[in-house]
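# Need coordinates for the following:
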Amino acid sequence: MLRKIWSGRKVFRPVLAACGLAVGGWMAADRSLFVSGPVIAQEAASQAASQAATGSKPAQVSVAPGVVTVQQSRIYVFVDKRGVGHQHGVEARLVEGTLALGAEKDAGQLIFDMKSFDADTDAARRYVGLSGSTDAGTRQAVNDNMRGSAILDVNRFPTATFDVDSAKATGETSPKGFPSYLLQGNFTLHGTTRPLAIVVDAERVKGWLHVRGNFTINQTDYGIRPYSKAFGAIGVTNQLRIYGDLYVAPTDNVVLSQIPQRP
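Below you'll find the model as predicted:
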């Protein structure tokens, strides 16, 4: 059902682009919390009728259920070292996304913007547990290697995709005390598709669902050769840990009262 709703993304995309985060009156480049939550599509009709009757201006722009706000959401990757190499934290964005927590089928799709992958931003290093910062010249060199044809080859493979077949509630809570969901589907990276399962948790923040989880992959499973030089003395490990930190408009597949709300 969600993919049928999202088939109208050509209509929603310009609305989202024109309105920043498509939330009432808020447009900013930083990642501070939303001023107000999304107006879910089921509520939009009654709100529009009320506004038409009173002649008032709309307070918010409606967002379809399940839409991921790509401006606020982030992907982070922890890259461990091999030999005398360096650990890295990578920050990235989504091109677009939908996710219906609680859905037993057609639960959504997340499209990763591979050209946005940016090594060792301060935010990425903090998120994956690394200290310190990396100078601009080193970051540029790492980015050139990472995005180049020998590794991610982003010109040939500009996106990666997680097609989420189901996002069922597990009936358990995460260590943070939030309800957890098992996302199952297929992950396509570097032209290779493999099954993927990831456990996420969710809390309510200003009307949105803040969804977080992580999973690991081996680069070689997707036809990527991990960076290495000096006959392997310097390089990174095959395994990557990928974190999703998403803000999603709720759907009717979840009971909001059962999801804790951030004070």
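# who are the neighbours in contact with residue 199?
By Cβ atoms under 8 Å, 6 or more residues apart in numbering, the contact set of residue 199 is 170, 174, 180-183, 213. C-beta here means a position set from N, CA and C on the backbone, and glycine is covered the same way.
# who's it bridged to?
residue 182 (DSSP bridges).
# likewise residue 76?
With DSSP bridges as the rule, residue 76 is bridged to residue 91, residue 243.
# Test my guess that it contacts residue 90.
Yes - under the criterion of Cβ atoms under 8 Å, residue 76 makes contact with residue 90 at 6.7 Å.
# any low-confidence regions in the stretch 51-200 of the chain?
Applying pLDDT under 70 to the stretch 51-200 of the chain picks out residues 51-61, 84.
# which SS state does residue 257 fall under?
helix (DSSP: H, G, I helix; E, B strand; the rest coil).
# Identify the residues contacting residue 154.
Residue 154 sits in contact with 114-115, 117, 147, where contact means Cβ under 8 Å, 6+ apart.
# cool, and residue 75?
Counting by Cβ under 8 Å, 6+ apart, residue 75 has contacts 91-94, 112, 242-245.
# ok, now how distant is it from residue 174?
19 Å (Cβ to Cβ, to the nearest Å).
# what does residue 159 give?
29 Å.
# ditto for residue 244
14 Å.
# Name the residue in the two with the higher neighbour count.
residue 244 (23 against 17; other Cβ atoms under 10 Å).
# so what pLDDT did the more buried one get?
At residue 244, the pLDDT value in this model is 98.
# Does it touch residue 214 like I think?
Yes - between residue 244 and residue 214 there is a contact under Cβ under 8 Å: 7.0 Å.
# Please enumerate the shared neighbours of those two.
With Cβ under 8 Å, 6+ apart, residue 244 and residue 214 have common neighbours residue 198.
# quick revisit: between residue 76 and residue 90, who's got more neighbours?
A direct count of neighbours by other Cβ under 10 Å for residue 76 and residue 90 places residue 90 higher, at 25 against 21.
# got the contact list for the more buried one?
Contacts of residue 90 by Cβ under 8 Å, 6+ apart are 76-77, 79, 117-120, 124, 146.
# Which of the contacts of residue 199 ranks first by neighbour count?
In the contacts of residue 199, the most neighbours by other Cβ under 10 Å go to residue 181, 27 neighbours.
# which residues of the stretch 151-263 of the chain fall in strands?
159-173, 179-189, 192-205, 208-218, 228-229, 234-248 (DSSP state E, counting those that start in this stretch).
# Now do residue 197 against residue 209, distance only.
Residue 197 is 20 Å from residue 209, by Cβ to Cβ.
# who's more crowded, the two?
residue 209 (23 against 11).
# Tell me the pLDDT of the more buried one.
For residue 209, the predicted pLDDT is 97.
# Looks like it contacts residue 201 (just checking).
No - if you go by Cβ under 8 Å, residue 209 and residue 201 don't touch, sitting 10.0 Å apart.
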